[in-house]
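[1] I'd like to go over a predicted model; first the sequence, then the structure.
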Amino acid sequence: SGLGLAQVLHRLVLAAYEKMIGLDLDDLSADGGITKAPCDGEAAGPSPVDRRKQGLKRSVATDGEGVPVGLAAAGANRHDSKLLEPTLESVNDQVGPVLPENPTIHLDSAYNGKPCAQVLEKHGLVGEIAVKGVKAPIQVGRRWVVERTHSWMNGYGELRRCFQRTTQTVEFYLYLAAAFVTVRCLIQQARNRYRWETRPEVRRLK
């Protein structure tokens, strides 16, 4: 299927990044983001931040440098914490079940609670979770990288404004965008370590 192809492509570019640069899996980050889904569909739901218009919630997990390593999608009304389990399962699928011993995952205060604690324990992760009531700039920690990755993924029109109606098609574009973002991260890191004839000279890649 198309989704399977996108997942394989993402897995391949992650493997290339791991071989050439090395994924930082000691410090993961995860967060959800909401985008518009005006055509409704299986993965859409009323957005709590857009007058209950139809929207898409995507959950992304990244390594310590912001490389997307896990993905999940649901309606915009789905709470971030409910997507933590499928996002971490995606991490296992895409980079393999062998993570460093007791890696840390950085999360915002939406993940505070017993259900998320049980998910983290199941996956052998140590949660560094923001405290409710404390402003983000004070305790953002290493969580900012996943927010930057969300911004990178919003650069792709199919994610910024989703017109797809089936969950499988939505996830196809999620994995495809994650593969593109991973390739960009690879080029950015590799050009400081390797030399090749077509190596880009500008800092900002298009």
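    Alright, I've got the coordinates.

[2] so how far is Thr166 from Ala16?
    29 Å (CB to CB, to the nearest Å). No exception for glycine: its C-beta is placed from N, CA and C like everyone else's.

[3] The helix or strand where Leu159 lies - contacts with which helices or strands?
    In this structure, Leu159 sits in helix 157-160 according to DSSP states H and E. Applying 3 or more CB pairs under 8 Å, 6 or more residues apart in numbering; DSSP states H and E, one finds that helix 157-160 contacts strand 27-36, helix 167-190.

[4] Tell me how far it lies from the chain's centre.
    Distance of helix 157-160 from the chain centroid (CA atoms, centre = their mean, to the nearest Å) equals 15 Å.

[5] what's the answer for stretch 33-49, then?
    On CA atoms, centre = their mean, the centre of stretch 33-49 falls 17 Å from the chain's centre.

[6] contact partners of that stretch?
    50, 52-58, 60, 73-78, 150, 153-154, 159-167, 170-171 (CB atoms under 8 Å, 6 or more residues apart in numbering).

[7] Go ahead and build a ChimeraX selection from the buried members of those.
    To isolate the buried members of these in ChimeraX, using 16 or more other CB atoms under 10 Å:
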select :54,55,56,57,58,60,73,74,75,76,78,150,153,159,162,164,167,170,171
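
[8] and the spatially most central residue of the chain, what pLDDT?
    Geometric centre of the chain, nearest residue: Val60, 2.1 Å, by CA atoms, centre = their mean. For Val60, the pLDDT comes out at 97.

[9] Using the three-state scheme, assign it.
    Three-state assignment for Val60 (DSSP: H, G, I helix; E, B strand; the rest coil): strand.

[10] any idea how far it lies from Leu84?
    In terms of CB to CB, Val60 sits 11 Å off from Leu84.

[11] Could you tell me which residues touch both of those two?
    Joint contacts of Val60 and Leu84 (CB under 8 Å, 6+ apart) are Ala30.

[12] the helices in the protein, which residues?
    2-20, 84-95, 114-122, 136-139, 144-153, 157-160, 167-190 (DSSP state H).

[13] In CSV, list these along with distance to Thr35.
    CSV is the format used below for the helices of the chain (distance: least, CB to CB, whole Å):
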stretch, distance to Thr35
helix 2-20, 18
helix 84-95, 16
helix 114-122, 23
helix 136-139, 20
helix 144-153, 9
helix 157-160, 6
helix 167-190, 10
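
[14] Comparing those by mean pLDDT, which bottoms out?
    Among the helices of the chain, helix 136-139 carries the lowest mean pLDDT (a mean of 56).

[15] Pro86: what's it in contact with?
    Going by CB under 8 Å, 6+ apart, Pro86 touches 59, 72.
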